[in-house]
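K.L.:
Please find the sequence and the predicted model below.
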Amino acid sequence: MELSAVWGALARRWYLVIVTLGLTVVAVVVMMGRVGPSYTAQGTLLLFPPEGTTRAGERVEGNPYLSLGGLNPARDILIRAMTSRTARADLEKSHPDVDYSMYADMAVSGPIIVVDVTGSSKKETIGALNALFETVPGVLTDLQSDLGIKRREYITIQELTIDETAEKVTTDQLRAGIVGGAGVLVGGLLVIGLLDGLLLSKSRGGRREQEGEPHDAGDIGEDRAGPRIVEPLDSDGWVRPPPRNGFAQVVPRDEQSSAARLR
């Protein structure tokens, strides 16, 4: 369908366009209300080596994680443990509407862990973030205690930064509203185009019937050879045999020509 035809259909059915726009607004509001906003909070944790590694002249002994190349391997192992299914299931028991992610901060060279928490409310989001910060030190301790190393050789972790309030995020809400509204708008415009075509076709057919025009003007022409209906009486008093069975007599064209010559 050409663009001009589309604009013409919309102009003719402007009242339906107004109804479609109203339904689009309603769809956007409903979808945004169903999805709702989300809230996010962030915190960072910093890993520290055992006390023996900070003393000059002493050799690091006992902790296998440090022999892997510093604190970065220990950081990655801790992230893997905290993002496992078991750890997520434990958090869902107390905060079912919350999701989180933990990853290494690549903007700095130190062993920093970033914790992002997303929830449906400010209270749940901040509560889940605090719960994770309380859980991480215990998980790190368990990972090292399983290796049978001494307590003084443990890698420790401390809170670096943590948000006190959650930030409102409307990205998913706006996306849902746009998708819902666009679907209603496009569907409504398609329906208007189809309805306009049906109404125009019906209107043209009714106009032809009122004017007495044949439905297929190309099949019946004035100059086509064939029988024609002769009027029962002309101006000179020419009388033709009466109709048979209530129908006008059909006289072939050649007989009509002869009758015309006699007149």
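P.N.:
Nice, thanks for sending it over.
K.L.:
Check which helices and strands the helix or strand where Arg175 lies is in contact with.
P.N.:
Secondary structure assignment for Arg175, by DSSP states H and E: helix 171-211. Using 3 or more Cβ pairs under 8 Å, 6 or more residues apart in numbering; DSSP states H and E, the elements in contact with helix 171-211 are helix 3-12, helix 14-35, strand 38-48. For the C-beta atoms, the positions are set from N, CA and C on the backbone; glycine is no exception.
K.L.:
go again using 6 Å as the cut-off
P.N.:
helix 3-12, helix 14-35 (3 or more Cβ pairs under 6 Å, 6 or more residues apart in numbering; DSSP states H and E).
K.L.:
between the longest one and helix 3-12, how many degrees?
P.N.:
Regarding helix 14-35 and helix 3-12, their directions subtend 90 degrees when assessed with axes from the mean of the first three to the mean of the last three Cα atoms, to 10 degrees.
K.L.:
Helix 14-35: which residues count as buried?
P.N.:
Leu16, Val17, Thr20, Thr24, Ala27, Val28, Met31, Met32, Val35 (16 or more other Cβ atoms under 10 Å).
K.L.:
thought the fifth one was touching Gly183?
P.N.:
It stands for Ala27. No: with contact defined as Cβ atoms under 6 Å, Ala27 and Gly183 do not form a contacting pair (7.3 Å).
K.L.:
Show the subsequent helix or strand relative to the one helix or strand Lys93 maps to.
P.N.:
Element membership for Lys93, per DSSP H and E: helix 85-94. As assigned by DSSP H and E, the chain's next helix or strand after helix 85-94 is strand 98-104.
K.L.:
partner strands of that next one, parallel or antiparallel?
P.N.:
If you go by DSSP bridges, strand 98-104 pairs up with strand 112-119 (antiparallel).
K.L.:
Quick one: residues in contact with the strand it pairs with.
P.N.:
38-46, 97-103, 105, 125, 128-129, 132 (Cβ atoms under 6 Å, 6 or more residues apart in numbering).
K.L.:
Pull out the buried positions in it.
P.N.:
By 16+ other Cβ under 10 Å, the buried positions in strand 112-119 come out as Ile112, Ile113, Val114, Val115, Val117, Thr118, Gly119.
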